[in-house]
Structure formats: C-alpha cells, structure tokens
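K.L.:
what follows is a predicted protein model with its sequence.
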Amino acid sequence: MKRFRLGPNDLHVHLAARMAQRGVPADEVEAVVNDGWPATDVKPGMEGRVKVFPYNAEWEGKLFTEKEVTVYYKRGEARIVVLTVKARYGKGFPRR
C-alpha cells in the first residue's frame, strides 16, 4: 500500500473541528494510518490504527508524557475515508 497523505478535501468540516478540539494535527493522522498498529475495537466494515506519540506537554492544564491517537477509516476505491480520530493523553500506553 502506498503511503497515505491527508489532503485538504479529505476531511469533513466536523471531523477537522473535532481533531482540533482533541489536539490531533493532520500529520499525526497520516503517521497513525501509515505506521500505527491495528486497533482492536474496530467495527465490521471499518479499519482502525493506533500509535503512541511522545507528548511531554500540558493538555487542559495537566502535564502528560504521551498521547495515544486512534484513527478509524474506510477504504474507498482510490482513497481512504477518515471517519473518526480519538486522542488520549497519559503515560504507559500499551504498544501493539
């Protein structure tokens, strides 16, 4: 599979707003889809991937060392359609 690139027309306005609220930029979405591991809680007909990023910053007034990002998507004929992006802030998230 070629590397996924998130273009400006690939996100619904609502999803782009949610990503901003959750602190997830487009480059992290690309990294999750390209380099993350399969999510274990995916619904039938969808795909999902997870990646943990070093964070070492404040989020909503608390200091966190890591950020776990999960991306849920569907594969279309010529592209990936991103459906949901979640973020959790903390430390010691499991890998794979």
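P.N.:
Noted; the coordinates are in hand. Numbers count the residues shown, from 1 in each chain.

K.L.:
which element, helix or strand, includes Val69?
P.N.:
strand 62-75 (DSSP states H and E).

K.L.:
now do the buried residues in the helix or strand just after that strand.
P.N.:
Using DSSP H and E, the helix or strand that directly follows strand 62-75 along the chain is strand 80-90. Neighbour counts over strand 80-90 (16 or more other CB atoms under 10 Å) mark 80, 82, 85-87, 89 as buried. Where you see a C-beta, it was placed from the backbone N, CA and C, and this is true even at glycine.

K.L.:
how about JSON lines for those, with pLDDT added?
P.N.:
Below are the buried residues of strand 80-90 laid out as JSON lines (pLDDT from 0 to 100):
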{"residue": "Ile80", "pLDDT": "86"}
{"residue": "Val82", "pLDDT": "92"}
{"residue": "Val85", "pLDDT": "96"}
{"residue": "Lys86", "pLDDT": "97"}
{"residue": "Ala87", "pLDDT": "98"}
{"residue": "Tyr89", "pLDDT": "98"}
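
K.L.:
pick the one among these closest to Glu68.
P.N.:
Nearest to Glu68 out of the buried residues of strand 80-90 is Ala87 (CB to CB; 7.0 Å).
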